[in-house]
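1. predicted structure and sequence below. I'll ask about it afterward.
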Amino acid sequence: MPAVLSRLAAMLVAACLLFTAQVLAAPQRAAAADPGYLMAHFIGEGSTNQQIYFSHSADGLNWTDLNGGGMTLRSTVGTRGVRDPALVRSPDGSRYWIIATDLCIGCGQSWGDSQSNGSRNFVVWESTDLVTWSAPRLLNVAGAIPDGRNAWAPEAIWNPETNDYVLYWATNATLNGVLKHRIYYARTTDFRTITTPQLYIDRPGTQGIIDTQIVEVPAGVGNFRYVRSSGDGQITIEGSNSILGTWTNLGNLSGIGLTGAQVEGPMWLKFRDRNEWTLYLDQYASGRGYMPVLTTNPSATSTYRLPASGSYNLGGTKKRHGSILNLTATEEARVQARWPSTAPKRLQSFNFQDRYVRHTNFDVRIDQNITGPDAQFRQRPGLAGSGTVSFESVNFPGYFLRHSGFDFQLAYNDGTGGFAADATFRQVAGLADSSWSSFQSYNYPDRYIRHYAYRLKLEPITNATGRADATFRATS
C-alpha cells in the first residue's frame, strides 16, 4: 500500500509540474465568451475613407470590420472629413465621446494647407449607449493658442486628481521663435467647453511632436502609473505617476527597428485577462496601416517585442490612427447588434425598373441607373418595433429614410420615438407583384412608400397605378 501511494503521489506531482509548465509557457487567455474590444479608426485618404469606422476583436489581435466594412459615423461639419478618432468612456460608463481631427486630405485640403491654416476645431460625437450617437459638433481647441494654426490627433484621459478629463492634442504654433507641432492640453468635463489650452509636451529645438497616447498601468507593473508613447522622430516611451506631473524619458523602440520615420499614431490596448499590452503603430511610411508591438511592462522598453508572423490580422480594411475600448458584455452585445455585416442593397422600382431609390441633398426620389452609394441602403431591424425594417444610408450612416409631412427625406436619427416611428416599415408582399415587396408605414398603417413624379411619398394606395408605384425589390 505505501508503494502504491508513493507512485500515485509521484504521478500527481508530475501532472502538477506539467500543468504549471504549460501555464508559464503561455499566459492564461480569456474564455471565448468574454467580451472583446472595439476599435474606432479611419481607413485612408479621401472623403469616404476619412470618416469613423468600427472594428471588433475577441482577442485584441485579430480584427473584424463592423458594418460590412462601411463607415459607422460621418462628419457633416467643418471640413466634412475626420481622422485620428479618440474613443472615450466616462468613469461610470454612462456616457461616451468620439473626438476626431477635423481634416480631409485629398478633398479640398493639402497637407501644407492643413499645417499652415488648418481647422482649429475637433469634431465631437456623444452617446449614452455606444450605438446611438449625436449629430457631430465642432469644438474649438486651438483658437486660443497664439499663432495656433491647426488642431490634430486628439486624445483624452480621465484625471482622478482633478476629477475631469485631460484633453490633449498637437497644434502647429510659433513659440520662442520656433514654428512646429507641440502637444497642448486643456481640461474638460463635457467636451463642450474647455479650460485655456496649456503647453503639455515640447521637444528641444525644431523637433516636433504630433501623436501621443497615454495608458494607465496597474500597480505592481513597472515604476509608473501612466505611460505615454509619442511620435517625435522616434517612438518615445515616457512614464509618470501623475498625468499633469513630471514625465521621465524611458527610451524608444529603435531597438526593435521602429522609428518615427516608419510608424506613427500609437494606440494602446491592455489585454483584459493578463498583464500584457499591445502598442499598435500605424505603418504610414509603407502604407500598411496598424501593426501590434507586444510588452508585459509598458515602462520597460527592453520588454517590447515584434509579433510572430501570422499572429495577428487587422481585417479587410486598413486601420489608421485610432483608439481601442475594452468592452463590457453589454456594450459588446449592443455594438454587434447595431453594426452587423449587412450587405448594402438598392431598392428597384417595379414599374420603372431602370430606376432606383436614391437620396440627393437629403431629398429622396427614384432615378435612372444609379449604382453609387447614394442609392445604397442597409436594411436594419426596424427602429420602432420587431418584425419591421428601417433603411440606413450607406454613405451617411446614422441617416435613415423617414417620412415627414408624408414626404420622404434622408434624416439623422435623433433617437426619439417619433423619428423611430417615421423611419420604420412593415415589409409585405408587393402590392403589384407578390414576388416583390411593398413597405407599409409603421405609424400610418393605411399608407405605403410609393413614388409619385419620381419623388418618394407616403400615401394610401387605392388603384393599380398606386400599387405599381408602391412596389419595389431589394437588389445588389
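-> Yes, it's here. The structure displayed is predicted, hence computed values, not measured ones.
2. lowest-confidence helix or strand of the chain?
-> helix 2-25 (a mean of 37; mean pLDDT, DSSP states H and E).
3. counting neighbours, which bits of whichever helix or strand comes after it end up buried?
-> Sequence-wise, the next helix or strand downstream of helix 2-25 (DSSP states H and E) is strand 37-42. By neighbour count on 16 or more other Cβ atoms under 10 Å, the buried set for strand 37-42 is 37-42. Just so you know, the C-beta spots here come from the backbone N, C-alpha and C atoms, and that holds for glycine as well.
4. try stretch 298-313
-> Buried, per 16+ other Cβ under 10 Å, within stretch 298-313: 298-301, 304, 312.
5. go through those residues and name the one nearest Gly177.
-> Using Cβ to Cβ, the shortest approach to Gly177 within those belongs to Thr301, at 32.9 Å.
6. wait, what's in contact with the residue nearest to that closest one when sequence neighbours are not counted?
-> Among residues not flanking Thr301 along the chain, Gly251 sits closest, at 3.8 Å (Cβ to Cβ, 6 or more residues apart in numbering). By Cβ atoms under 8 Å, 6 or more residues apart in numbering, the contact list for Gly251 reads 236-237, 301.
7. try it again at 10 Å.
-> 234-238, 299-302, 304 (Cβ atoms under 10 Å, 6 or more residues apart in numbering).
8. which of those lies closest to Ile209?
-> In terms of Cβ to Cβ, no member of the contacts of Gly251 lies closer to Ile209 than Thr236, at 8.3 Å.
9. average pLDDT for the helix or strand harbouring the closest one, rounded please.
-> Using DSSP H and E, Thr236 maps to strand 235-240. Across strand 235-240, pLDDT averages out at 98.
10. distance between that strand and the chain's centre?
-> The chain centre lies 25 Å from the centre of strand 235-240; the measure is Cα atoms, centre = their mean, to the nearest Å.
11. check which helices and strands it sits against.
-> Packing partners of strand 235-240 (3 or more Cβ pairs under 10 Å, 6 or more residues apart in numbering; DSSP states H and E): strand 211-216, strand 226-231, strand 248-252, strand 264-270, strand 277-282.
12. export the ones you listed to TSV and append columns for distance to Gly205 and mean pLDDT.
-> Output for the helices and strands packed on strand 235-240, formatted as TSV (distance: least, Cβ to Cβ, whole Å; pLDDT from 0 to 100):
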stretch	distance to Gly205	mean pLDDT
strand 211-216	18	97
strand 226-231	16	98
strand 248-252	16	98
strand 264-270	20	96
strand 277-282	24	96
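13. out of the ones you listed, which comes closest to Asp414?
-> strand 264-270 (31.1 Å).
14. mind listing the strands for the stretch 51-200 of the chain?
-> For the stretch 51-200 of the chain, applying DSSP state E, counting those that start in this stretch gives strands covering 53-57, 63-65, 82-89, 96-102, 121-127, 137-140, 152-159, 164-175, 178-188, 198-201.
15. I should have written the stretch 251-400 of the chain there, sorry.
-> 264-270, 277-282, 290-295, 320-326, 346-349, 355-360, 363-368, 377-381, 389-393, 399-404.
16. the last one: which residues count as buried?
-> By that I understand strand 399-404. Those would be 399-403, for strand 399-404 by 16+ other Cβ under 10 Å.
17. after it comes which helix or strand?
-> Counting by DSSP H and E, the next helix or strand C-terminal to strand 399-404 is strand 407-412.
18. go through that following strand and flag the buried ones.
-> For strand 407-412, the neighbour count (16+ other Cβ under 10 Å) marks 408-412 as buried.
19. which strands or helices does the helix or strand immediately after it in the chain pack on?
-> Next along the chain after strand 407-412, taking DSSP H and E as the criterion, comes helix 417-422. Helix 417-422 is packed against strand 399-404, strand 407-412, with contacts defined by 3+ Cβ pairs under 10 Å, 6+ apart.
20. any chance of the ones you listed in TSV, plus distance to Phe472?
-> Supplementary listing: these in TSV, determined by distance: least, Cβ to Cβ, whole Å:
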stretch	distance to Phe472
strand 399-404	12
strand 407-412	13
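21. closest to Gly205 out of those?
-> strand 407-412 (46.7 Å).
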